[in-house]
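In: this is a predicted model, with the sequence first.
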Amino acid sequence: MPDELILLEQQLRHHDDRYYRQADPEITDADYDALRDRYLALCAARGHTPYRAGPGNDLTAGFVSVAHRVPMLSLEKAADGEDQSAAGQLTAWVERTRKALGLDAPLLLLVEPKIDGMSVSLTWQDGQLVQAVSRGDGVKGDVITAQVLASGAVPARIPVTGTLEVRGELYLPQSAFAALNDRLRAAGEKLLANPRNACAGMMKRKDANEVKGCGVQAFLYHVAWADGVAGLPNSQIEVVRWLKTLGLPVNPHLTACTDAASASAVCAGFAQQRSSLAYDIDGMVVKVDDRRFHERLGATEHHPRWAIAWKFPPERKPTLLRGITVQVGKSGKLTPVAELDPVLLSGSTVSRASLHNFPELARKDVRVGDTVFVEKAGEIIPQVLGVDLARRPADAGPVVPPTVCPACASPVLADAVFIYCPNPACPAQVRERLRHFAGRSAVDIEGLGEAVIDQLCTVRNLTSPAQLFSLTAEDIAGLDRKGAKSAANLVAALQAAKSRGLAKILTGLALTQVGEKLAEDLAGRFGSAQALLDLAARHAAGDPEPLAILDAMDGVADTTARAVLDQLANPAVRQVLADLAAAGVDLTAKLKEVRSVAGVAGKKFVLTGTLPTLTRPEAEALIVAAGGTCVGSVSAKTNYVVAGEDAGSKLTKAQTLGITVLDEAGLRALMEG
Ligand code: IVH
């Protein structure tokens, strides 16, 4: 049964995805921290290994994932903090490392830039690149061989025999990033947040042909595995030189140091130099040079002990707050946004920053005309940190939260934190919903960027996704930036988008709590919009079973299950789906592993005690995959109780109610059908 821990983890994953992959967070850092603190406390109390947040986890639906031969870990960090400087932490690390090695002599170190890209592990078999794998969750990653080959970032053939697995970073140079965004701007599409996101997005294109000529490059820095490979040096710095002789791309800025003080000086020096590099770096990496020591030092669960990352302090700059606009989100949330004098921060120009919500704005006392400090949190999302009060103009007054929606003038609703426009037909909400529907994470309609959607709403009065599919080339051709050719292309793209399948459509509907993952799970579990709509109708009529069925799905909390069914019972949502079906949009999905078994499908199971071979989640998965549901407690409606060793009161209750009790063998027999 989903409990608070699972629910929290699910929420954190969602918010990490919004933050790190979409660069479009939904909650404030403070709210995120509160969630994470609660999660970590629960993990500690239950001995559960916490899910690690961060840009690391890039596993993507639709890619084949494979286990890494050696896990791809992250790095311990040295950064200026309240207690200790980064230099102090580096000194302590060097001392700890020398002690662990029992070394009296100085420890030879290698200092190099920490590339802000996407980690990749590349395997050459007898000189032929046979596999490229993304970092994934560190234990398993996505196979992106075709994409890496198409990018031309590394040679397909190198002069080496045996098996050689090399790790490094794929990255998009700033110039290629700017060119890519120029193209997106010209096409009226949403711009990419930074070169790292752009690179990651590129390498996760399903069609590898789209990666050709995109400008992705690589720096390789580590040999993770070598079998039958001749000539591999013992020194890390020599390894990098050796990789270069094989024709592989390596970073030229490698510095050998013999103590922490000189390594710190190199790192601090690079902080000044970083803006003159053609690619983004987010710090430096200090490594033990002798690879024989690497094995002796080993690794913790999270990071190797032979390297440490030196993080640069985030760049922070003052700029003028020209105005505060109020954005209306797809579900009506009103968000204040700072309109700034453009300022260059960590490699990209910042001219807007979310102020998150009105209480937060009041707390920071940000006013129009103020000089504010902006910083890129985690080098990704620009944040307004605070105000330079000394430079506040005399006439700057506090911001008054809106009482009516700026787009449709409906009187707003408010809870303790947020303000909402309650009008679902509000033109701003309609536009945001359409943008989301056409967006990359949802139906992904090429050529239907924000600028085109804006015009379709204002000039062609579009209000619902289904209307998109009846647009003709003539409807489109008259719009700004759309000639006859691009109109024809868009019509073709709309035709193609009809067959994306249910998961993408569900994502596109922007239902509360239904992100990409849940949309896929729902599509895979139920196979069609109709099946889901039927379930929701039964739920609305008071039948408790639909809720139990959703509750039994992996990782679906009860509140989420209710939200899904309530929304799918809503006549407006049902109408949107009916219109999409009428427009010829495919609202079906391939059922995932649900091999409905006659004796199991539609039946309710309760598990109790320890089964001889199956764990609880495995047994649940088997039952669910065969079309059954697992519920938490025994009632007259329970069909089977599966009991193992040390079964308790649930078994007794089953016996009193006369419910069939199965052991593991019985369950397996039932599964045979
Ligand atoms: S060495 C941990 N060297 O930073 C395994 N990593 O935050 C050894 N990275 O996962 C990594 N530049 O993807 C190393 N010059 C560099 C790097 C680098 C970027 C990435 C790498 C790693 C992440 C840890």
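Out: Cool, got the structure. All values reported here derive from a predicted model rather than from experimental measurement.

In: quick check: residues of the protein near the ligand?
Out: Residues of the chain lying close to the ligand (Cβ under 6 Å from any ligand atom) are 72-75, 112, 114-115, 119, 169, 221-222, 285, 303-304, 307, 309. Every residue, glycine included, has its C-beta placed from N, CA and C.

In: please redo it, this time with the cut-off set to 5 Å
Out: Contact residues, the chain versus the ligand (Cβ under 5 Å from any ligand atom): 73-75, 112, 114-115, 119, 169, 221, 285.

In: all strands of the stretch 1-150 of the chain, in order?
Out: Along the stretch 1-150 of the chain, the stretches classed as strands by DSSP state E, counting those that start in this stretch are 65-67, 76-78, 109-115, 118-125, 128-134, 140-142.

In: adding mean neighbour count, write those out as JSON lines.
Out: Below are these laid out as JSON lines (neighbours: other Cβ atoms under 10 Å):
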{"stretch": "strand 65-67", "mean neighbour count": "13"}
{"stretch": "strand 76-78", "mean neighbour count": "18"}
{"stretch": "strand 109-115", "mean neighbour count": "24"}
{"stretch": "strand 118-125", "mean neighbour count": "22"}
{"stretch": "strand 128-134", "mean neighbour count": "20"}
{"stretch": "strand 140-142", "mean neighbour count": "21"}
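
In: of those strands, which is nearest Arg367?
Out: Checking these against Arg367 by Cβ to Cβ gives strand 76-78 as the closest, at 35.9 Å.

In: who touches Leu75 in this structure?
Out: With contact set as Cβ atoms under 8 Å, 6 or more residues apart in numbering, Leu75 has these partners: 114, 285, 303-304, 307-309.

In: among those residues, which are located in strands?
Out: In strands, defined here by DSSP state E, the members of those are 114, 285, 307-309.

In: hmm, back to that, next, format the residues of the chain next to the ligand as TSV and append distance to Leu471 and pLDDT.
Out: Shown next, in TSV, are the residues of the chain next to the ligand (distance: Cβ to Cβ, whole Å; pLDDT from 0 to 100):
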residue	distance to Leu471	pLDDT
Leu73	49	90
Ser74	46	88
Leu75	50	91
Glu112	52	98
Lys114	47	96
Ile115	43	96
Ser119	41	95
Glu169	42	98
Tyr221	49	98
Val285	51	98
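
In: before we move on, back to that, got a winner among the ones in strands among the contacts of Leu75 for most neighbours?
Out: With neighbours set by other Cβ atoms under 10 Å, the maximum within the ones in strands among the contacts of Leu75 is found at Ile308, which has 27 neighbours.

In: bridged to that one, which residues?
Out: With DSSP bridges as the criterion, Ile308 is bridged to Glu76, Val286.

In: where does this protein dip in pLDDT?
Out: For the chain, the stretches with pLDDT under 70 are 1-2, 19-26, 28-30, 52-56, 347, 377-380, 593-595.

In: for the ligand, what is the nearest residue in it?
Out: Proximity of the chain to the ligand (Cβ to the nearest ligand atom) peaks at Ser119, 3.1 Å away.

In: returning to that earlier point: among the strands of the stretch 1-150 of the chain, which comes closest to Thr458?
Out: The closest of the strands of the stretch 1-150 of the chain to Thr458 is strand 118-125. By Cβ to Cβ, the value is 38.0 Å.

In: quick one: strands adjacent to the closest one?
Out: Under the criterion DSSP bridges, strand 118-125 sits next to strand 128-134 (antiparallel), strand 163-171 (antiparallel) in its sheet.

In: can you tell me the helix or strand for Glu474?
Out: Per DSSP states H and E: Glu474 is located in helix 473-477.

In: what residues does that helix touch?
Out: Residues from elsewhere that reach helix 473-477, judged by Cβ under 8 Å, 6+ apart: 452, 460, 482-484, 486-488, 490-491.

In: can you redo those residues as TSV with neighbour count, distance to Val404 and secondary structure?
Out: As requested, the contacts of helix 473-477 are arranged in TSV below (neighbours: other Cβ atoms under 10 Å; distance: Cβ to Cβ, whole Å; DSSP: H, G, I helix; E, B strand; the rest coil):
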residue	neighbour count	distance to Val404	secondary structure
Val452	24	28	helix
Arg460	14	26	helix
Lys482	22	34	coil
Gly483	12	39	coil
Ala484	11	41	helix
Ser486	19	37	helix
Ala487	20	37	helix
Ala488	14	42	helix
Leu490	23	35	helix
Val491	19	38	helix
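
In: so which of the residues you listed comes closest to Ala557?
Out: Val452 (37.1 Å).

In: now the strands paired with strand 118-125 in CSV, with distance to Ala179?
Out: Listed next are the strands paired with strand 118-125 as CSV, based on distance: least, Cβ to Cβ, whole Å:
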stretch, distance to Ala179
strand 128-134, 24
strand 163-171, 15
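
In: identify the farthest-apart pair in the contacts of Leu75.
Out: Greatest spatial distance among the contacts of Leu75 (Cβ to Cβ): Lys114 and Pro304, at 14.1 Å.

In: top helix in the chain by residue count?
Out: Among the segments of the chain that qualify as a helix by DSSP state H, the longest is helix 29-46.

In: okay, buried residues for that one please.
Out: Within helix 29-46, the residues that qualify as buried by neighbour count (16 or more other Cβ atoms under 10 Å) are 31-32, 35-36, 39, 42-43.

In: would you agree His302 is in contact with Leu73?
Out: Yes. Under the criterion of Cβ atoms under 8 Å, His302 lies in contact with Leu73, with a separation of 6.2 Å.

In: okay, those two: which has more neighbours?
Out: Counted by other Cβ under 10 Å, His302 and Leu73 do not tie: Leu73 has more neighbours, with 18 against 12.

In: just the helices in the stretch 401-550 of the chain please.
Out: Along the stretch 401-550 of the chain, counting by DSSP state H, counting those that start in this stretch, helices occupy 427-438, 450-460, 465-468, 473-477, 484-497, 502-508, 516-526, 529-540, 545-551.

In: pick the most deeply packed of the ones you listed.
Out: helix 502-508 (a mean of 25; mean count of other Cβ atoms under 10 Å).

In: how far does that helix sit from its chain's centre?
Out: Between the centre of helix 502-508 and the centre of its chain there are 17 Å (Cα atoms, centre = their mean, to the nearest Å).

In: which residues touch it?
Out: The contact list for helix 502-508 (Cβ under 8 Å, 6+ apart) reads 436-439, 441-444, 465, 514-516, 519-520, 522-524, 527-529, 577, 580, 585-589.

In: how does it look with 6 Å?
Out: 437, 442-443, 516, 519-520, 523, 529, 587-589 (Cβ atoms under 6 Å, 6 or more residues apart in numbering).

In: also stretch 167-176?
Out: Contact with stretch 167-176 is made by 115, 117-121, 153, 195, 198-199, 215-216, 218-222, 224, 278-279, 347, as judged by Cβ under 6 Å, 6+ apart.

In: stretch 365-380 now?
Out: Under the criterion Cβ under 6 Å, 6+ apart, residues 23, 282, 314, 316, 318-321, 323-324, 345-346, 350, 382-388, 391-393, 396 lie in contact with stretch 365-380.
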